[in-house]
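> Sequence first, then the predicted structure, then my questions.
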Amino acid sequence: MVSLMGDLRDWSPELSGVVLEERPLSSPSSLSLNQTEIGAEYWQKAEEATQGIIAKVQPTVVSEERRKAVIDYVQRLIRNYLGCAVFPFGSVPLKTYLPDGDIDLTAFGGLNVEEALANDVCSVLEREDQNRAAEFVVKDTQLIRAEVKLVKCLVQNIVVDISFNQLGGLCTLCFLEQVASL
């Protein structure tokens, strides 16, 4: 029987209301019927509209280069001042970010030192905010003391979130890259 919440199947009731036939909408016969009913010109219009949306939100070469430069800059700052490795994860390396999307980084500096490392990174970025000769504009640096410590700032008007000793995001990135290569 078809549920009240909406079963996504075609069904043919008898006059008495008993279902004679149920089949999924994705069956080959219903799929070709739907395409015929809609017509090639409407499929083309839908395809063009979809491509227009994708063109508006997908990363551009300029945005990719800009984000790469910001990542390189923050990595160099933290490595040179604190000797820590910093890695990007999330939407930027996957190239799935939106135009206003942030950059997620994680810094590694030893076990059980997140608080000290977060304070040190915050200090480095605040110093850079005051540096008139800085390569990039850094501003609005904040240390967020949550379960996962986070330093948030703006670099070239892009939000940058830096977490500490977080492997989850990097593991997810590696997994998704391996899936994509298969």
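Received, thanks.

> Roughly how far does the residue lying closest to Asp120 once chain neighbours are set aside sit from Ala116?
Distance criterion CB to CB, 6 or more residues apart in numbering; nearest residue to Asp120, sequence neighbours excluded, is Leu82 at 5.4 Å. For every residue, glycine as well, the C-beta is placed using N, CA and C. Note on Leu82: its distance to Ala116, by CB to CB, to the nearest Å, is 10 Å.

> ok, these two, which is more surrounded?
With neighbours defined as other CB atoms under 10 Å, Leu82 and Ala116 compare such that Leu82 has more, 16 against 13.

> need the contact list for the more buried one.
107, 109, 117, 120-121, 124 (CB atoms under 8 Å, 6 or more residues apart in numbering).

> Take those residues and, keeping just the buried ones, write it as a ChimeraX select command.
Burial among the contacts of Leu82 is assessed by 16 or more other CB atoms under 10 Å; the matching ChimeraX selection reads:
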select :107,109,117,120,121,124
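
> Identify the residue with the minimum pLDDT among the contacts of Leu82.
Across those, the member with the lowest pLDDT is Gly109, scoring 81.

> Quick check: chain neighbours aside, which residue is closest to the residue nearest the centre of the chain?
Computing the C-alpha centroid of the chain and ranking residues by CA atoms, centre = their mean puts Ser91 first, at 2.9 Å. Nearest residue to Ser91, sequence neighbours excluded (CB to CB, 6+ apart): Tyr97, at 3.8 Å.

> List the residues that contact the one you found.
59, 67, 90-91.

> Now do the lengthiest helix in the chain, average pLDDT.
Counting by DSSP state H, the longest helix found in the chain is helix 61-82. Averaged over helix 61-82, pLDDT sits at 94.

> Could you do stretch 85-104 as well?
pLDDT averaged over stretch 85-104 gives 90.

> Figure out the length between the terminal residues of that stretch.
14 Å (CA to CA, to the nearest Å).

> List the backbone torsions phi and psi for Glu177.
The phi/psi pair for Glu177 (degrees, to the nearest 10) reads phi -70, psi -40.

> Report the separation between it and Leu117.
26 Å.

> Now do the same contact list for Glu128.
Glu128 makes contacts with 77, 134, 138, as judged by CB under 8 Å, 6+ apart.

> what's the spacing between Ala133 and Asn80?
In terms of CB to CB, Ala133 sits 15 Å off from Asn80.

> Tell me which of the two has more neighbours.
Asn80 (10 against 4).

> where do the strands sit along this structure?
9-13, 19-24, 85-89, 103-108, 138-144, 150-155, 158-164 (DSSP state E).

> Would you reformat the ones you listed as CSV and include distance to Tyr42?
Formatted as CSV, the strands of the chain follow (distance: least, CB to CB, whole Å):
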stretch, distance to Tyr42
strand 9-13, 20
strand 19-24, 23
strand 85-89, 40
strand 103-108, 40
strand 138-144, 47
strand 150-155, 44
strand 158-164, 39
